[in-house]
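In: Fold the following.
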Amino acid sequence: PDDGDDLDTLLKHAALAMYDAKRQGRNMFEFFHPAMNARMLDLLLLENQLRQALRRDEFELFYQPQMDLATGRIVAFEALVRWRHPERGLVSPVDFIPLTEETGLILPLGRWVLQEACRQAALWRSSQWPAIRIAVNLSAVQFRQADLVDQVRRALASAGVTPDALELEVTESVVMQDAEATIQTLQQLRMMGVTLAIDDFGTGYSSLAYLKRFPVNTLKVDRSFVQDIEDDPDAAAICAAVIGLAHNLRLDVVAGGVETAEQLAWLHAAGCRTGQGFLLGRPLPATAY
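Out: Model prediction:
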């Protein structure tokens with residue numbers, strides 16, 4: 001009874017609590033409190049600024065390298081979007097990506113990211129990295145679009161780059177939402193020649209029976225396991241199991257969140273060929289490379 005005297009107010013306050021829970025990482029609950037109203041005003045302002053940012057080209061892609069752990073050679077980059085706000089400066093995706101998903105702005109932003117990543121891949125392939133690949137994350141909303149395959153095809157054609165220059169990453173939870181539909185979409189992308197990866201592997205609820213049917217190329221070990229491999233035997237066991245599973249299924253495996261030399265040595269000894277993390281390179285603008 002303290003959260004509203006009528007239906008509209010209750011629904012608005014419930015929506016505020018839901019958004020706050022999602023902002024804190026999902027898989028949790030949150031109760032409404034009056035301070036959320038002030039945050040809602042900030043969110044409305046931020047949403048309006050996001051719409052303007054798309055029109056004003058205020059977004060920029062940063063690129064984090066993925067390295068061969070044996071040679072130290074860069075084999076791929078992950079494209080990560082940043083927002084150069086005219087007043088706030090560089091805004092973290094943690095502060096705006098959830099809002100783009102709530103409002104549907106993730107769709108035009110996602111198309112821009114895809115096109116820009118393909119354009120950058122073409123530039124790098126014509127110069128210092130003739131075989132480089134750029135990985136792009138797809139949200140659940142993007143992955144369920146009926147014209148996703150056509151969007152990918154148009155982005156590649158517009159940039160004049162071959163499909164092997166692009167990798168699409170989808171989280172484990174997304175691919176399991178509708179496994180049969182997922183298989184069809186992945187098959188179309190794989191037939192095109194695009195590399196496919198399951199991100200955050202080990203954190204969701206994937207069925208191994210489905211995993212062998214998914215036409216993917218790569219499993220990415222979630223950073224939460226990598227960060228604990230030195231101190232937590234269970235985390236180390238999970239990392240080793242994922243690496244072994246990938247090898248047995250003839251898949252590549254990438255370890256995320258590599259931040260210490262000890263983690264790097266452990267992963268290399270365990271047979272992981274590729275890593276990504278602050279130890280190997282932070283996300284930087286394309287001009288930094």
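In: With adjacent residues omitted, what lies nearest to the most centrally placed residue in the chain?
Out: Closest to where the C-alpha atoms of the chain average out (Cα atoms, centre = their mean) is residue 137, at 3.7 Å. Closest residue to residue 137 apart from its sequence neighbours, by Cβ to Cβ, 6 or more residues apart in numbering: residue 169 at 4.8 Å. Using the backbone N, CA and C atoms, a C-beta is placed for each residue, glycine as well.
In: pretty sure the residue nearest to the centre of the chain contacts residue 198?
Out: No. At 11.6 Å, residue 137 does not count as touching residue 198 under the criterion of Cβ atoms under 8 Å.
In: Could you report the distance from the residue nearest to residue 190 when sequence neighbours are not counted to residue 179?
Out: Excluding the flanking residues, the one nearest residue 190 by Cβ to Cβ, 6+ apart is residue 215, at 4.3 Å. From residue 215 across to residue 179, the span is 13 Å (Cβ to Cβ, to the nearest Å).
In: before we move on, back to that, hmm, the residue nearest to residue 190 is touching residue 187, no?
Out: Yes. Judged on Cβ under 8 Å, residue 215 makes contact with residue 187 at a distance of 5.3 Å.
In: is it true that residue 32 touches residue 3?
Out: Yes. Assessed by Cβ under 8 Å, residue 32 is found in contact with residue 3 at 5.1 Å.
In: For residue 137 and residue 198, list the residues in contact with both.
Out: 169-170 (Cβ atoms under 8 Å, 6 or more residues apart in numbering).
In: where along the stretch 1-150 of the chain do the strands fall?
Out: Along the stretch 1-150 of the chain, counting by DSSP state E, counting those that start in this stretch, strands occupy 59-68, 74-85, 89-91, 133-137.
In: Single out the most deeply packed of those strands.
Out: strand 133-137 (a mean of 23; mean count of other Cβ atoms under 10 Å).
In: What does the residue nearest to residue 137 show for phi and psi?
Out: phi -110, psi 130 (degrees, to the nearest 10).
In: Can I get stretch 273-289 in PDB? Just the C-alpha atoms.
Out: In PDB, the C-alpha atoms belonging to stretch 273-289 read as follows (Å, rounded to 0.1, in the frame of the first residue of the first chain):
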ATOM      1  CA  ARG A 273      45.000 -21.500 -27.100                       C
ATOM      2  CA  THR A 274      43.400 -18.000 -27.100                       C
ATOM      3  CA  GLY A 275      42.800 -15.500 -24.300                       C
ATOM      4  CA  GLN A 276      41.400 -12.000 -23.800                       C
ATOM      5  CA  GLY A 277      41.700  -9.700 -20.800                       C
ATOM      6  CA  PHE A 278      43.400  -6.600 -19.300                       C
ATOM      7  CA  LEU A 279      46.700  -8.500 -19.100                       C
ATOM      8  CA  LEU A 280      46.700  -9.000 -22.800                       C
ATOM      9  CA  GLY A 281      45.200  -5.700 -23.800                       C
ATOM     10  CA  ARG A 282      42.500  -3.200 -22.800                       C
ATOM     11  CA  PRO A 283      39.800  -2.000 -25.100                       C
ATOM     12  CA  LEU A 284      41.100   0.900 -27.200                       C
ATOM     13  CA  PRO A 285      40.000   2.900 -30.200                       C
ATOM     14  CA  ALA A 286      41.000   1.600 -33.600                       C
ATOM     15  CA  THR A 287      43.500   4.400 -34.000                       C
ATOM     16  CA  ALA A 288      45.500   3.100 -31.100                       C
ATOM     17  CA  TYR A 289      46.400   0.000 -33.100                       C
END
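In: how about that stretch: buried residues?
Out: Residues of stretch 273-289 classed as buried by neighbour count (16 or more other Cβ atoms under 10 Å): 273-277, 279-281, 283, 286.
In: Stretch 175-189 too?
Out: 175-176, 182, 185-186, 188-189.
In: No more questions from me, cheers.
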